[in-house]
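Asks: Coordinates for the following, if possible.
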Amino acid sequence: MATTTSFKKHFDQRRHRTFSVSIRKEIVRKVENNLLTVSEASIDYQVSRTSVYKWVYKYSSLYQKGHRQIIEPMSSSKQISVLKEKIKELEQIVGQKQIELDFLSKMIEITENDLGIDIKKKAGSKLKSGSGKTKKP
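Replies: Numbering: from 1, shown residues only. Just a heads-up that it's a prediction; the model follows:
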C-alpha cells in the first residue's frame, strides 16, 4: 500500500515544464507533415501524449476536435526505417538463393564430369515428348 511519504517523494520528482507557443506550433507542424508521430513527439520532447494531442487540436488547421481523422499516421522516418529493414531482409534472401544456385550448379558440373552425362539442357536442343510410338495425323 502506498504511503503518504512515498507519494510525496514521487510527486516531488515530477517536473513541471512549460513550452512556448512557438515550440508547440513547431511540434504540431512536424506531426502534420508526418515527420513525427504523436508518440514520437511525446518521447522526444518528454511530454505526455495528451498534451501533444491538446496542442494539435489547438494549433492545427488540419486536425480539429470533432472531426474523425487518423491523427497518428506512420512518420516518414519510421517508414524509411521499415523499408530499410525490408531491403536488408530481401538482400539476405537473395544472397542465400545465390549460394544455393552456385552450389547446385557446381553439383551438376561435378556429376556431369563423373558420370559423363549431360544433365543441363543445352541451348537449341529440342524437347522430346512421349515415347515416340504414337503417330501424328
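
Asks: Counting neighbours, which bits of the longest helix along the chain end up buried?
Replies: Across the chain, the longest stretch assigned as helix under DSSP state H is helix 76-115. The neighbour-count check on helix 76-115 (16 or more other C-beta atoms under 10 Å) flags nothing as buried. For the C-beta atoms, the positions are set from N, CA and C on the backbone; glycine is no exception.

Asks: can you offset everything so residue one is 36?
Replies: Shifting the count to begin at 36 puts that one at helix 111-150.

Asks: Let me see the mean pLDDT of it.
Replies: The pLDDT scores in helix 111-150 average 91.

Asks: for stretch 65-83, same thing?
Replies: Rounded mean pLDDT across stretch 65-83 is 87.

Asks: Report the buried residues of it.
Replies: Applying 16+ other C-beta under 10 Å to stretch 65-83 flags 65, 66, 67, 71, 72, 73, 75, 76, 77, 80, 82 as buried.

Asks: from those, which single one is nearest residue 53?
Replies: Distances from residue 53 to these, taken as C-beta to C-beta, are shortest for residue 82 (10.2 Å).

Asks: So this structure: which segments form each domain?
Replies: 52-108, 109-152 (automatic domain parsing).

Asks: mind putting the buried residues of stretch 65-83 in TSV, secondary structure included?
Replies: Converted to TSV, these look like this (DSSP: H, G, I helix; E, B strand; the rest coil):
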residue	secondary structure
65	helix
66	helix
67	helix
71	coil
72	coil
73	helix
75	helix
76	helix
77	helix
80	coil
82	coil
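
Asks: Please render these as a markdown table that adds distance to residue 115 to the earlier fields.
Replies: Formatted as a markdown table, the buried residues of stretch 65-83 follow (distance: C-beta to C-beta, whole Å):
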| residue | distance to residue 115 |
| --- | --- |
| 65 | 15 |
| 66 | 17 |
| 67 | 18 |
| 71 | 13 |
| 72 | 14 |
| 73 | 19 |
| 75 | 13 |
| 76 | 18 |
| 77 | 21 |
| 80 | 21 |
| 82 | 24 |
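
Asks: Farthest pair within the residues you listed?
Replies: 67 and 82 (17.1 Å).

Asks: Ends of stretch 148-155, what's the gap?
Replies: Taking C-alpha to C-alpha, to the nearest Å, the first and last residues of stretch 148-155 lie 12 Å apart.
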